[in-house]
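S.K.: Sequence first, then the predicted structure, then my questions.
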Protein chains: 2
Amino acid sequence: VTGRAAIVAVGSELLGSTRADTNSLWLSARLEEAGIPVVRKACVGDDAAEIRAELGLALSRAPLVVCTGGLGPTGDDLTKEAVAAHFGRRLVPDRAVLAVLRERWERRGLPMPDVNAKQALAVEGARLLSNPYGTAPGVLLEDSGRLVGLLPGVPREMRAMFDGHVLPEVRRRFGGPRRYRRVLRVASLGESAVEELVAPVYARWPESVFTILGGAGEVQIHLIAAGEEKEAQRTLDAQTRDFDEALGGRIYGRDEETLESVVGRLLRERGKSLALAESCTGGLIAERLTRVPGSSEYFFGAVVSYSNHSKSQLLGVRPESLETFGAVSSEVASEMAAGALERFHSDYALAATGVAGPGGGSEDKPVGMVWLALCSRGASRTRLLRLPGSRGLVRAWASTTALEMLRKEVVRG
Amino acid sequence: VTGRAAIVAVGSELLGSTRADTNSLWLSARLEEAGIPVVRKACVGDDAAEIRAELGLALSRAPLVVCTGGLGPTGDDLTKEAVAAHFGRRLVPDRAVLAVLRERWERRGLPMPDVNAKQALAVEGARLLSNPYGTAPGVLLEDSGRLVGLLPGVPREMRAMFDGHVLPEVRRRFGGPRRYRRVLRVASLGESAVEELVAPVYARWPESVFTILGGAGEVQIHLIAAGEEKEAQRTLDAQTRDFDEALGGRIYGRDEETLESVVGRLLRERGKSLALAESCTGGLIAERLTRVPGSSEYFFGAVVSYSNHSKSQLLGVRPESLETFGAVSSEVASEMAAGALERFHSDYALAATGVAGPGGGSEDKPVGMVWLALCSRGASRTRLLRLPGSRGLVRAWASTTALEMLRKEVVRG
């Protein structure tokens, strides 16, 4: 039987303006992989009536309900009570769990506060689930073909307990064909440009669901294939080839890969090094590259030259170039890259100079105009971008386009 | 009468693993300011039965329901239909709205697609709300003391229409005492350290609700005061003074201010300039400073020296210092800052050198060890940090602590 799932997050803090429920995103991914669609999700406060009302609706819409939060020791923690009430069951102390809790407190050299005994209450006839990282045990309850999992709200505890206790049971009862997800990543093309290029792939796979998600300077294509793993992966591989062909080699990476990690891997594999000269991107390209552990192997450094003086002083840009062409020009971008290459003794150097906005634009050089330069031993080229959007978007697009320019160059090698 | 609100987000994409409902956070803030608590929120897919089920529950829990999404022209867009069905009302074409839609398409030089006529359907007896930014009109429906607002899912459209059409009506019917929020921001102290320092303030304001939120290198204290604006602001001012005193001047800013914008404002006000020498932070401090529009007025630039060679070559760090003390040392941090000050001709220079991890640590210099240096004309000092956590956290904490060190220095100035 294929199931349907509902997710309920309990906690008054989730109803304010500062905290989003992110547990449900993780749970959705896990359930999707298990072939179980999520049909609804909700957040309710630490309020017995609200929890019971939501639980009633969730169970009427889906045979599987996963609740997170509200399992702590205080009077605010009411999830277990609400579930017991819904199913007309009592809460009964679980001696074994009580002993484990007491021992955990003793190991810390503390007597267990009385309120914590509440955490050892089990819903009659349901399994208490051990928590490897915290004191709140979970609950797994079955009733007339329906399954309810109660898990703590702390992500690390929730995830471990879902994978360890709930998922195996869920798969056994409700699991549809397993689903496998793959994410293809494309840099420095807009969402609509990608949509247009990949239209033929959609036509070739009329039964498949593809999702295209756009971000700042990056587009993700999500593929999902159901069924037996080997065959599903073969389908994903074939679809990946089709997308790659349609996009002319613009797919830089997969799944969790980032553009900066792919660029780093390529440089490392080829034994090449990189330096930067950043003006309008203000250090963003360096910051992205150095997020990657071990990046000091191939990244030598950057000059962030936010003044004309520093472009000359630290990168050797000729004052005549600045005067004649202006700081935002192909010539200055080139000289910045050449200066970085020479001073850092790297194999490649990237430079970016432009108008990030919102001020500083002119008719000739409007906000969003950015010159990129890529210099290697013996070759140099520049590229002009005209980017729309806010300061943040201009910087993001410029940094991504610069890294993508480098990636292609290193691949060509 | 004080109301209670429920929020419903419609859209199958919100049930996947990639997209969180963020509209509800914004709506919660607006409703909170209007004195209306949100008692539940839910996401349902583009499915008539699921939307109706949720709507029924939401209206049974709260007299005010705000729905976002599902108002587009396609067969997937079902929110209006579900609401009409719930209240037993018909959908009727609104001639005026139809004319506006046609005109909007004509202005684009396009005939209106037939499906878009669906957007001109009104729920009988309800108001259609004009959309200043898009084609989907909203709906405001009243029935037996309950109020339902249907708004598009696009944030910009949703926000304008909520503020323009829904909020005034909501205030008139359900508004409790207005609430005013203030956020106080503290840099480079942990959440528990802040909790400890501000405990006396909690005791002094037993009736007030304060929320402390921790992030990477920053803690926010959220204050809320209800009632007449002037008095509420006086209360917030008094509480702010108490927190400021308890925290010994560590509150760097309020509400939407960022540490980099505050540092920037202080430098500009005093006519001072800044340069950076970054090693372990890899450009993050420069990137943060240059997020601020107009930062080129006071930020001259940075050297990101990710190799020993570049520390000597570009910053003038003495090779003997690198050899004797190592790159992660008070001496090298000092020389990096002095080098940046000299080369960029700035009034202040900050330097950071450390082990960001996960590799590269040793017994003497473990992961998380960071030396900061702050140099101004005639003075220099260093500070040692031992930071826990991931590479990302070490970098975030180091950059925040460096900026906070500078902020205090400029304030003392």
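M.R.: That came through, no problem. Model, not experiment: these values are computed from the prediction.
S.K.: low-confidence ranges in chain A?
M.R.: A:1-2 (pLDDT under 70).
S.K.: Relative to its centre, which residue of it is most distant?
M.R.: Most distant from the centre of chain A: A:E320, at 45.4 Å, with distances by CA atoms, centre = their mean.
S.K.: now that residue: how far from A:V332?
M.R.: From A:E320 across to A:V332, the span is 11 Å (CB to CB, to the nearest Å). For glycine as for every other residue, the C-beta is placed from the backbone atoms N, C-alpha and C.
S.K.: Start from the N-terminal end of the stretch 151-300 of chain A and give the helices.
M.R.: Per DSSP state H, counting those that start in this stretch, the stretch 151-300 of chain A carries helices over the ranges A:155-161, A:167-174, A:191-204, A:229-246, A:259-270, A:284-289.
S.K.: Out of those helices, which is closest to chain B?
M.R.: Closest to chain B of those, according to CB to the nearest CB: helix A:284-289, at 3.1 Å.
S.K.: contacting residues around A:S399?
M.R.: Taking CB atoms under 8 Å, 6 or more residues apart in numbering or on different chains, we find A:S399 in contact with A:217, A:281, A:284-285, A:288, A:352.
S.K.: near chain B, which of these show up?
M.R.: Among the contacts of A:S399, proximity to chain B is found for A:281, A:284-285 (CB under 8 Å from any CB of the partner chain).
S.K.: could you dump those residues to JSON lines with distance to B:V66?
M.R.: Shown next, in JSON lines, are these (distance: CB to CB, whole Å):
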{"residue": "A:T281", "distance to B:V66": "40"}
{"residue": "A:L284", "distance to B:V66": "37"}
{"residue": "A:I285", "distance to B:V66": "41"}
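S.K.: Now for the residue nearest to the spatial centre of chain A: which residues touch it?
M.R.: Nearest to the mean C-alpha position of chain A, by CA atoms, centre = their mean, lies A:E256 at 7.6 Å. Shown in contact with A:E256 (CB under 8 Å, 6+ apart): A:V183.
S.K.: I'd like the distance between it and chain B.
M.R.: The spacing between A:E256 and chain B, counted by CB to the nearest CB, to the nearest Å, is 13 Å.
S.K.: Chain B contacts on the stretch 301-413 of chain A?
M.R.: A:301-307, A:309-310, A:313-314, A:343-345, A:356-360, A:391-392, A:395.
S.K.: List the ones among these that fall in helices.
M.R.: A:309-310, A:313-314, A:343-344, A:391-392, A:395 (DSSP state H).
S.K.: For the contacts of A:S399, which entry has the maximal number of neighbours?
M.R.: When neighbours are counted by other CB atoms under 10 Å in any protein chain shown, A:T281 leads the contacts of A:S399 with 33 neighbours.
S.K.: beta partners of the residue in the stretch 101-250 of chain A that chain B sits nearest to?
M.R.: Per CB to the nearest CB, A:L213 is where the stretch 101-250 of chain A lies closest to chain B, at 6.1 Å. Beta bridges link A:L213 to A:Q220 when assigned by DSSP bridges.
S.K.: Tell me who's in contact with A:V65.
M.R.: By CB under 8 Å, 6+ apart, the contact set of A:V65 is A:5-8, A:55, A:58-59, A:146-149.
S.K.: rerun that using 7 Å as the cut-off
M.R.: A:6, A:8, A:55, A:58-59, A:148 (CB atoms under 7 Å, 6 or more residues apart in numbering or on different chains).
S.K.: circling back: pipe the ones in helices among the residues of the stretch 301-413 of chain A next to chain B into TSV and attach distance to B:A193 and neighbour count per row.
M.R.: As requested, these are exported to TSV (distance: CB to CB, whole Å; neighbours: other CB atoms under 10 Å in any protein chain shown):
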residue	distance to B:A193	neighbour count
A:H309	41	16
A:S310	38	23
A:Q313	41	17
A:L314	39	27
A:R343	42	22
A:F344	40	27
A:R391	34	21
A:G392	31	13
A:R395	33	29
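S.K.: So A:P73: helix, strand or coil?
M.R.: Taking DSSP: H, G, I helix; E, B strand; the rest coil as the rule, one finds A:P73 in the coil state.
S.K.: quick one: it from A:R178, how far?
M.R.: Counting by CB to CB, the gap from A:P73 to A:R178 is 38 Å.
S.K.: now, which of the contacts of A:V65 sits nearest A:I224?
M.R.: Nearest to A:I224 out of the contacts of A:V65 is A:A6 (CB to CB; 20.8 Å).
S.K.: Tell me, how many residues neighbour that closest one?
M.R.: Residues near A:A6, counting by other CB under 10 Å, number 27.
S.K.: The helix or strand hosting it: how far from the chain's middle?
M.R.: For A:A6, the host element (DSSP states H and E) is strand A:5-10. Remark: strand A:5-10 is offset 21 Å from the chain centroid, using CA atoms, centre = their mean, to the nearest Å.
S.K.: that older thread, which one of the ones next to chain B among the contacts of A:S399 is nearest B:W26?
M.R.: Nearest to B:W26 among these is A:L284, at 26.9 Å by CB to CB.
S.K.: That closest one reaches B:E287, doesn't it?
M.R.: Yes - counting by CB atoms under 7 Å, A:L284 touches B:E287, with 4.7 Å between them.
S.K.: Make JSON lines from the contacts of A:V65 and add distance to B:C43 to it.
M.R.: Putting the contacts of A:V65 into JSON lines (distance: CB to CB, whole Å) gives the following:
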{"residue": "A:A6", "distance to B:C43": "11"}
{"residue": "A:V8", "distance to B:C43": "12"}
{"residue": "A:L55", "distance to B:C43": "17"}
{"residue": "A:A58", "distance to B:C43": "12"}
{"residue": "A:L59", "distance to B:C43": "17"}
{"residue": "A:V148", "distance to B:C43": "19"}
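S.K.: Out of these, the closest to B:V154 would be?
M.R.: A:A6 (26.3 Å).
S.K.: what are the bridge partners for that closest one, then?
M.R.: As for beta bridges, A:A6 partners with A:R40, A:V65 under DSSP bridges.
S.K.: residues contacting it?
M.R.: A:39-41, A:58, A:61-62, A:65.
S.K.: again, 10 Å this time
M.R.: Counting by CB atoms under 10 Å, 6 or more residues apart in numbering or on different chains, A:A6 touches A:38-42, A:54-55, A:57-67, A:148, B:15, B:42, B:44, B:50.
S.K.: separation between it and B:R377?
M.R.: According to CB to CB, A:A6 and B:R377 sit 64 Å apart.
S.K.: which residues does A:R343 contact?
M.R.: Counting by CB under 10 Å, 6+ apart, A:R343 touches A:275, A:277, A:300-301, A:303, A:314-316, A:349, B:303, B:309-310, B:313-314.
S.K.: CSV please, covering those and showing distance to B:R173.
M.R.: CSV is the format used below for these (distance: CB to CB, whole Å):
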residue, distance to B:R173
A:A275, 63
A:A277, 59
A:F300, 64
A:G301, 61
A:V303, 60
A:L314, 63
A:L315, 63
A:G316, 68
A:A349, 63
B:V303, 60
B:H309, 69
B:S310, 65
B:Q313, 69
B:L314, 65
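S.K.: Let me know the closest of those residues to B:G164.
M.R.: Once CB to CB is applied, the member of these that ends up nearest B:G164 is A:A277, at 47.0 Å.
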